[in-house]
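Asker: only geometry, no sequence info:
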């Protein structure tokens, strides 16, 4: 359907060197968007951008660390220099240096997780919204997690950061709605990426999880792209402040 297409749109996807971010960047390009592939790792995002271009899409790689506002502003400025607008941002860059009971996290780990996972999302929104207002609208998609909806197993600080992303989404949706800017979140369950390796490499944990989750498997990055395409397209123009859960039904059972 045409309303799910992204032709003529410009999208910035952070954390796009691999996993969910890479899959979303590729899907957006396939839907017709011009895509800025961003991450701290220039070599990795350059490869993703080249693969998109080789497949007939349009993409550029822009290195940026979401922990530094000057780099976030530069990311937006370079995008505008190249394509003169920003229609969609996908806040996806994240980190989780702590895995275990929450009180075993040190203060540095706690601060790093919140700085990237929550404040990083805030920084990019703050940098891009003036342009979206000037254009007459835009789409902000925050990749949260079901860990932000219910207490997660050994990922408490990460869960707190993702709960913050959900509230940030709702606050921004309320404040930016009058400017025709829709702000929504995606809450994936366990997806098989390098980021979540500590979970899916735990055979006992996965056996228990997959025996109980309604769809009987963990996700792939491509399982998340449909939700992202919907929230980026005109099909979701009357949707804002929503958390779209993509987890195979895991939220219906006790957390692993």
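Answerer: The structure has been received and is ready for your questions. None of the values given here were measured: they were computed from a predicted structure.
Asker: pLDDT weak spots in the protein?
Answerer: The chain contains residues with pLDDT under 70 at 1-2, 193, 195-211, 254-256.
Asker: I'd like to know which elements the biggest helix by length in it is packed against.
Answerer: The longest helix of the chain (DSSP state H) is helix 156-176. With contacts defined as 3 or more Cβ pairs under 8 Å, 6 or more residues apart in numbering; DSSP states H and E, the packing partners of helix 156-176 are helix 107-114, helix 120-135, strand 138-143, strand 181-188. The C-beta positions use only the backbone N, C-alpha and C, and glycine is treated the same way.
Asker: Turn these into JSON lines, including mean neighbour count and distance to residue 99.
Answerer: Rendered in JSON lines, the data for the helices and strands packed on helix 156-176 read as follows (neighbours: other Cβ atoms under 10 Å; distance: least, Cβ to Cβ, whole Å):
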{"stretch": "helix 107-114", "mean neighbour count": "15", "distance to residue 99": "10"}
{"stretch": "helix 120-135", "mean neighbour count": "20", "distance to residue 99": "20"}
{"stretch": "strand 138-143", "mean neighbour count": "26", "distance to residue 99": "19"}
{"stretch": "strand 181-188", "mean neighbour count": "25", "distance to residue 99": "18"}
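Asker: Same list (these) but as a markdown table, adding distance to residue 30.
Answerer: Converted to a markdown table, the helices and strands packed on helix 156-176 look like this (distance: least, Cβ to Cβ, whole Å):
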| stretch | distance to residue 30 |
| --- | --- |
| helix 107-114 | 32 |
| helix 120-135 | 23 |
| strand 138-143 | 17 |
| strand 181-188 | 18 |
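Asker: before we move on, the earlier item: which outside residues touch the longest helix of the chain?
Answerer: For helix 156-176, the external contacting residues (Cβ atoms under 8 Å, 6 or more residues apart in numbering) are 91, 94, 96, 98, 101-102, 105, 109-110, 113-114, 117-118, 121-122, 125, 129, 132, 140, 142-145, 147-149, 151-152, 181-185, 187, 240-241, 243.
Asker: List the residues that contact residue 23.
Answerer: By Cβ under 8 Å, 6+ apart, the contact list for residue 23 reads 220, 221, 222, 224, 225.
Asker: how about 7 Å then?
Answerer: 221, 222, 224, 225 (Cβ atoms under 7 Å, 6 or more residues apart in numbering).
Asker: Can you give me the neighbour number for residue 67?
Answerer: Number of residues near residue 67 (other Cβ atoms under 10 Å) recorded here: 16.
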